[in-house]
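Asker: Turn this into a model:
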Amino acid sequence: MKIDEIIDNFSLLEEWDDRYRYVIELGRSLSPLSERDRSDANKVQGCASQVWLATTVRPNGTGGPVLNFAGDSDAHIVRGLIAILFAMFSGRQAREILATDANATFERLGLREHLTPQRSNGFRSMVERIRSDARAALAAAEEMTPH
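Answerer: Sure thing, here's the model as predicted:
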């Protein structure tokens, strides 16, 4: 699912209970995370619940590396937030990821004022982890490029 589709669906739901249910439903659509990926290295720090984020980097020639993500959480609403982040970032080039303002989308969806401060902090931690992986992928790609 694309982020624009999620934004459109959100705009159709007027009640926050319906929006919460929709976020939880998005989380149910995540592919199961393998046990191997539930490692300490993939654990996102700064989240109140347990969150794992596994990143796969694929070289893409002159376009720069493309990142794909898999993830999971022990909290339903957080799984939904992960699904929203993946709709924004998964399958995109590292440069695009770094140029995307996840917080602006978060605001557009009206999530900030309806999530606890802990959940909002967790969301920011997940975004920072994704951005950090994108920066690392770009740095690695630049090292491999002959100068």
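
Asker: and residue 86, how many neighbours?
Answerer: Other residues within reach of residue 86, judged by other CB atoms under 10 Å, total 22. (Glycine included, C-beta is placed from N, CA and C.)

Asker: and it, what helix or strand is that in?
Answerer: Assessed by DSSP states H and E, residue 86 sits inside helix 76-89.

Asker: List the neighbours of the helix or strand following that helix that are in contact with it.
Answerer: If you walk from helix 76-89 toward the C-terminus, the next helix or strand you reach (DSSP H and E) is strand 92-93. Judged by CB atoms under 8 Å, 6 or more residues apart in numbering, the contacts made with strand 92-93 from elsewhere in the structure are 60, 63-67, 100.

Asker: and the closest residue to residue 78 other than its chain neighbours, what does it touch?
Answerer: Among residues not flanking residue 78 along the chain, residue 49 sits closest, at 5.1 Å (CB to CB, 6 or more residues apart in numbering). Under the criterion of CB under 8 Å, 6+ apart, the contact partners of residue 49 comprise 73-75, 78, 122.

Asker: Could you do residue 10 as well?
Answerer: Residue 10 makes contact with 19, 22, 109-110, according to CB under 8 Å, 6+ apart.

Asker: Please pick the buried ones from the contacts of strand 92-93.
Answerer: The neighbour count (16 or more other CB atoms under 10 Å) marks 64-67, 100 as buried among these.

Asker: circling back to that earlier point, now rank the contacts of residue 49 by neighbours and give me the top one.
Answerer: For those, neighbours were counted by other CB under 10 Å; the highest total belongs to residue 78, with 26 neighbours.

Asker: contacting residues around that one?
Answerer: Contacts here follow CB under 8 Å, 6+ apart; on that basis residue 78 touches 27, 47, 49, 51, 119, 122.

Asker: same thing but at 7 Å, please
Answerer: With contact taken as CB atoms under 7 Å, 6 or more residues apart in numbering, residue 78 is in contact with 49, 51, 122.

Asker: Give the helix, strand or coil label for the last one.
Answerer: So that's residue 122. Under DSSP: H, G, I helix; E, B strand; the rest coil, the three-state class of residue 122 is helix.

Asker: Test my guess that it contacts residue 48.
Answerer: Yes. Using CB atoms under 7 Å, residue 122 is in contact with residue 48, at 5.8 Å.
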